[in-house]
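In: I'll drop the sequence and a predicted model, then ask my questions.
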Amino acid sequence: MKSIFILFIFFLIFIALIIVRNYLAKKKRLKLNNSLNANYFIQVITNLIEENKYNLLEERIRLINIDAYGNEDLNKWIGNPPLDKKTIKLTIKNRSKEFKEGIPYFWEKVILKKFESPELFFEKWKSYIVVHPTIDDEILGTRRELKFDDWFVFVASQIEKSCLYLLKKDYLNKDNKNYNKGIDFENNCMEILKNSGWQVKETPSSGDQGVDLIATIDDLRICIQCKNHEKAIGNKAVQEISAGKLYWKGTHAVLVSKSGFTNSAHKLAKANNVKLIHESELKDIKKYIN
């Protein structure tokens, strides 16, 4: 009888060991699966942003609104899509406006397409949260727990970082000597305009879209690019200030140079209603735009 009891105890221990082993194996598989899903999730998003970074930057530039003081309104670019799965599926099905432009459009048409379905996207996202449970919240200035509804904030922040990096890279790649020389010329142009009664604002160092100064008086808002080159200015600068005028919502576009302009630049400027003037003519700019 005693031996049967001992055998029974050994049997229970054996069963318990099997249960523990299976539990640990299942836990290990789950951990590995979450790790693979999380890695797949971030890799896909990172690759898609990298492949489309210039198109994303162009779309960002098109959609943001910037006031006279350089403040950016990102509402159209970032959007306000629904965050829960059921509403998202319904919104996409009904072709609602929430995914018509900006980052939401990119998420639906590019990212979601790669994941094939919202279910698969959120399955991978859920695994990512398990593997990376916290996030550095730049808005709150603290490290906090990553929540399920943070999926869009996470995607949008990755896209914004890419766009801002491109803008910063463009700024840092400028030749320092020529850049400082250009700044001096730009400051001189600004003083001439101010002394002539204009209110003048500088555009941000990065992302200026070809506009250095914005001069305003009454209902005039002139977008100005200042070029201090040794050679005559060509078509590229005309194209930049023409596009910059639209971006900054100017009434006129003016290109200022100390070295003159090529014949081709004059033709293109005339076709695009861009005024080409010498530094010495800047004090009478109102006469030239009229």
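Out: That came through fine.

In: Distance from the chain centre to stretch 236-249, please.
Out: Distance of stretch 236-249 from the chain centroid (C-alpha atoms, centre = their mean, to the nearest Å) equals 20 Å.

In: Identify each buried residue in that stretch, please.
Out: Residues Ala237, Val238, Gln239, Glu240, Ile241, Ser242, Ala243, Gly244, Lys245, Tyr247, Trp248 are the ones in stretch 236-249 that count as buried (16 or more other C-beta atoms under 10 Å). C-betas here are computed from N, CA, C, even on glycine.

In: could you redo those residues as a markdown table and give each row distance to Cys163 and secondary structure?
Out: Shown next, in a markdown table, are these (distance: C-beta to C-beta, whole Å; DSSP: H, G, I helix; E, B strand; the rest coil):
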| residue | distance to Cys163 | secondary structure |
| --- | --- | --- |
| Ala237 | 24 | helix |
| Val238 | 26 | helix |
| Gln239 | 21 | helix |
| Glu240 | 19 | helix |
| Ile241 | 22 | helix |
| Ser242 | 22 | helix |
| Ala243 | 17 | helix |
| Gly244 | 18 | helix |
| Lys245 | 22 | helix |
| Tyr247 | 15 | helix |
| Trp248 | 18 | coil |
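
In: Quick check: which ranges of the chain have low pLDDT?
Out: For the chain, applying pLDDT under 70 flags the ranges 1-2, 5, 8, 11, 24-25, 66-70, 137-142, 169-182, 205-208.

In: try 50
Out: Low-confidence segments of the chain (pLDDT under 50): 171-172, 175-177, 179.

In: which residues in the protein form strands?
Out: Along the chain, counting by DSSP state E, strands occupy 65-66, 72-73, 134-137, 142-145, 199-202, 213-217, 220-227, 252-257, 274-278.

In: before we move on, the earlier item: tell me which of the buried residues of stretch 236-249 is nearest to Leu164?
Out: Tyr247 (16.8 Å; C-beta to C-beta).

In: Number of residues surrounding the closest residue to the closest one other than its chain neighbours?
Out: Leaving out its chain neighbours, the residue that sits closest to Tyr247 by C-beta to C-beta, 6 or more residues apart in numbering is Gln209, at 4.4 Å. By other C-beta atoms under 10 Å, 18 other residues sit near Gln209.

In: Let the chain start at 657 from now.
Out: Let's use 657 as the start, then, which means that last one is Gln865.

In: tell me the contacts of Gln865?
Out: Ile717, Thr859, Glu896, Ala899, Gly900, Tyr903, Trp904 (C-beta atoms under 8 Å, 6 or more residues apart in numbering).
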